[in-house]
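Enquirer: next come a sequence and a model predicted from it.
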Amino acid sequence: FKTKKTLNLYHARKLALKKASGKYISFLDVDDLWSAHKIYKQLEFLKKNKKYKFVYSNYYVKKELKANKTIKFKKKLKSGKITQDLLNNYTIGILTVLFERSLLKKYFFNTKYNIIGDFDLFVKISKKNNIGYIQEPLATYRYHDNNYTSKNLSKYILEYDDWFKNNKKKYLRNNYTLFSQYVYFNKLKIKFFLKKYLGV
């Protein structure tokens with residue numbers, strides 16, 4: 001499917017989801033890779049663990065022009081009600097998820113975000129749903145200078161800052177210390193960069 005005009009990433013994803021008709025949803029962007037058995041292993045996980053409608057996995061990171069790839073998360077991550085864990089350290093790679101389309105009846109991508117739309121959606125889903133995790137890397141994220149996030153670091157942090165301001169009241173029971181420190185620290189880095197190298 002092709003739109004008549006260029007849309008931001010999560011507006012495009014939202015429209016794509018409206019075209020989907022299967023029971024499950026998964027994402028694969030043009031510069032990422034899945035293992036041959038990703039879908040099979042995740043479906044088996046959901047069949048064996050009925051309390052989950054959403055599962056994600058570990059993944060590899062491969063830098064451009066380098067043969068070696070590294071595992072993103074060395075430590076085993078948690079399953080279950082993991083909202084606080086995601087606020088402390090967001091670990092869900094969108095390329096690794098598989099979830100039941102029925103979840104989208106209550107939750108959807110916020111189209112004002114162009115970088116953190118998956119963070120926003122998956123944190124919302126985690127609030128009232130168990131999230132499953134497979135430690136085995138089932139996908140490969142290929143990192144290069146043309147990655148949208150890499151080229152738009154300042155926008156990335158500004159979107160996180162906006163999310164924090166607009167959602168803090170919705171998650172009053174959660175601790176935002178690490179999340180807010182991460183945003184604040186990166187805003188300082190961006191200001192330093194702009195002043196030192198661009199004179200802004």
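Expert: Alright, I've got the coordinates.
Enquirer: which neighbouring elements make contact with the host helix or strand of I134?
Expert: Remark: I134 resides in strand 131-143, with elements defined by DSSP states H and E. Strand 131-143 sits against strand 32-34, helix 38-48, strand 54-63, with contacts defined as 3 or more CB pairs under 8 Å, 6 or more residues apart in numbering; DSSP states H and E. Using the backbone N, CA and C atoms, a C-beta is placed for each residue, glycine as well.
Enquirer: reformat the ones you listed into a markdown table and put distance to I82, mean neighbour count and mean pLDDT next to each item.
Expert: Listed next are these as a markdown table, based on distance: least, CB to CB, whole Å; neighbours: other CB atoms under 10 Å; pLDDT from 0 to 100:
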| stretch | distance to I82 | mean neighbour count | mean pLDDT |
| --- | --- | --- | --- |
| strand 32-34 | 23 | 16 | 95 |
| helix 38-48 | 15 | 15 | 98 |
| strand 54-63 | 10 | 21 | 95 |
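Enquirer: all strands for the protein, in order.
Expert: In the chain, the strands defined using DSSP state E lie at 24-26, 32-34, 54-63, 69-71, 98-100, 131-143.
Enquirer: and L87, which of those strands is closest to it?
Expert: Among the strands of the chain, the nearest to L87 by CB to CB is strand 131-143 (13.1 Å).
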